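Trainee: pasting a predicted model and its sequence here:
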Amino acid sequence: NKATHATGTGKGVLGDNKSFNTLSSSGTYYLQDSTRNLKTYTARNSANENLLPGTLLSDSDNYWTDGAAVDAHTYAAEVYDYYKTKFNRNSFDGNGAAIKSTVHFGRNFNNAYWNGAQMIYGDGDGSTFVPLSGALDVVGHEITHAVIERSANLVYENQSGALNESFADVLGNLIEDRDNGWLLGEDIYTPSVSGDALRSMSNPESQGDPAHMDDYKNLPNTREGDWGGVHTNSGIPNKAFVNFVETSGITRDNAGKVWYRALTSYMTSRSDFDDARNATIQAATDLFGSSSTEVTAVTNAWAAVGVG
Ligand SMILES: CC(C)[C@H](Cc1cn(Cc2ccc(C(=O)O)cc2)nn1)C(=O)N[C@@H](CCCCN)C(=O)O
Ligand SMILES: [Ca+2]
Ligand SMILES: [Zn+2]
C-alpha cells in the first residue's frame, strides 16, 4: 500500500504544542513532509558523522514526544515556507532539494551546524544549551548556510566568512520575526539565565563582538581563531543591517529582499564588507530606485559601521 500524508502533533523543546506533516506507511508514521521534501532523523547520540543522517524518526500513533525532533521538523517547514513565499525560492538550492535534519547528535553536544549536506543538532548539556533545534532563528541560521553555499558561496574565513555568518544571523532573525528581534539563539541558550543570547545583532559589543571596523578582530584563519573570527566580526555587518532597518522605516520583509537580492545577484565567494556594501546598495537601487530613502539608508547604515 502506498504512503499517505498525515498530520502529526506533539510538543516542542519548550513544551509548546504544534502540528506538522508526517507520512503514514504500513501503520507507522514517519517525520517526513513530502509537500516540502523535509526528513527528520535521529543520530541516537552517536557523534559519528559517517553514520549520518541516522534513522528516519518514526512513531506508532502520530503523537510525538521528542521535542528536539518536533522542533527540527516544524521549524524547517517554517524556514522552507519563508524562502518560498518571500523570495520564491524552492528549498535551499532553489530546486526542491531535500532538507534533512538530524537531532540527538552526540552527547551533551553544545552546538548545531550545516555540514554541507544536512543540518545537525546537539541536545546541549542542559545548562549552556537545551536541544538546539528548539529555536527558529537557529534553524533559519543553519538552512541559510545552505542557501549561501548554493548562491554567493561565501568562503568560510575572514571577511567573506563573517558575511556568511552575518547573512545567516540576519535571515534567521527575519524568519523568527520578533519585535526588537536582534538576538541569536536566545530560546535555547542558558535556560537558567533570561535575556542573554549567543550573539546580539543590535549590540554586538554586549557579547564582545565588534560593531565597527575600528574594532575589527584580526584573528588567525585557523579553527582556534574561528577562521579569522567569522562569528565575531559578523557583528559589523549585523549592526549595519540593524541600522538599515531601524533608520529607514523599511519593513523587515523589504529589508530581507534587499539582503537576499545582494546575496543571490551580486555577491561572490570572496566578497568582503566593501563588496557587501556595494551589493546591498545596488540591490536597494534595483528594488526602490537610486534616489530612494532605502538607498540613502543602506549607504548610511554601512558608513555608521565604518564601511564605505
Ligand atoms: C547557530 C548557533 C546556535 C550555533 C551556536 C554556537 C554554539 N557554539 C559552541 C559553544 C559552546 C559553548 C558555549 C558556552 O558559552 O559555553 C558557547 C558556544 N558556538 N556557536 C552556531 O553558531 N553554530 C555554528 C557552527 C559552525 C561550525 C563550523 N562550520 C554555525 O552554525 O555557524
Ligand atoms: Ca532571535
Ligand atoms: Zn553559522
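Mentor: Structure received. Ligands and ions are numbered 1, 2, ... in the order given.
Trainee: what does the stretch 151-300 of the chain put close to ligand 1?
Mentor: For the stretch 151-300 of the chain, the contact set with ligand 1 under Cβ under 6 Å from any ligand atom comprises 165, 185, 198, 231. No exception for glycine: its C-beta is placed from N, CA and C like everyone else's.
Trainee: quick one: name the residues of the stretch 1-150 of the chain near ligand 1.
Mentor: Counting by Cβ under 6 Å from any ligand atom, the residues of the stretch 1-150 of the chain close to ligand 1 are 110, 111, 112, 113, 128, 132, 138, 141, 142.
Trainee: so which of the residues of the stretch 151-300 of the chain next to ligand 1 is the closest to ligand 2?
Mentor: Using Cβ to the ion, residue 185 is the member of those that sits closest to ligand 2, with 6.9 Å.
Trainee: any weak-confidence spans in the chain?
Mentor: Applying pLDDT under 70 to the chain flags residues 1.
Trainee: 80 - rerun?
Mentor: In the predicted model, the chain carries pLDDT under 80 at residues 1, 180.
Trainee: what about the strands in it?
Mentor: 4-11, 17-25, 28-30, 32-33, 38-42, 55-56, 58-59, 63-64, 99-103, 112-114, 119-121, 183-184, 199-200 (DSSP state E).
Trainee: out of those, nearest to residue 192?
Mentor: strand 183-184 (16.8 Å; Cβ to Cβ).
Trainee: looking at the strands of the chain, which is closest to ligand 2?
Mentor: strand 183-184 (4.5 Å).
Trainee: tell me, how many residues neighbour residue 232?
Mentor: Residues lying near residue 232 (other Cβ atoms under 10 Å) number 22.
Trainee: that one touches residue 218, doesn't it?
Mentor: No. Distance between residue 232 and residue 218: 10.7 Å, which falls outside the contact criterion (Cβ atoms under 8 Å).
Trainee: up against ligand 2, what does the chain have?
Mentor: Counting by Cβ under 5 Å from the ion, the residues of the chain close to ligand 2 are 137, 173, 176, 183.
Trainee: contacts for stretch 147-161, please.
Mentor: Residues outside stretch 147-161 that contact it (Cβ atoms under 8 Å, 6 or more residues apart in numbering): 83, 89, 92-94, 114, 116, 163-164, 167-168, 171, 221, 227-230, 233, 263-264, 267-273.
Trainee: tell me how far that stretch is from the chain's mean position?
Mentor: Stretch 147-161 sits 14 Å away from the centroid of its parent chain (Cα atoms, centre = their mean, to the nearest Å).
Trainee: cool, and stretch 230-245?
Mentor: Taking Cα atoms, centre = their mean, one finds the center of stretch 230-245 at 15 Å from the center of the full chain.
Trainee: same question for stretch 275-288.
Mentor: Its chain's C-alpha centre and that of stretch 275-288 lie 22 Å apart, by Cα atoms, centre = their mean.
Trainee: now do the buried residues in that stretch.
Mentor: Across stretch 275-288, burial judged by 16 or more other Cβ atoms under 10 Å covers 275-286, 288.
Trainee: quick check: closest non-adjacent residue to the residue nearest to the spatial centre of the chain.
Mentor: Centroid-nearest residue in the chain, with Cα atoms, centre = their mean: residue 141, separated by 1.0 Å. Spatial nearest neighbour of residue 141, chain neighbours left out: residue 172 (3.6 Å); criterion: Cβ to Cβ, 6 or more residues apart in numbering.
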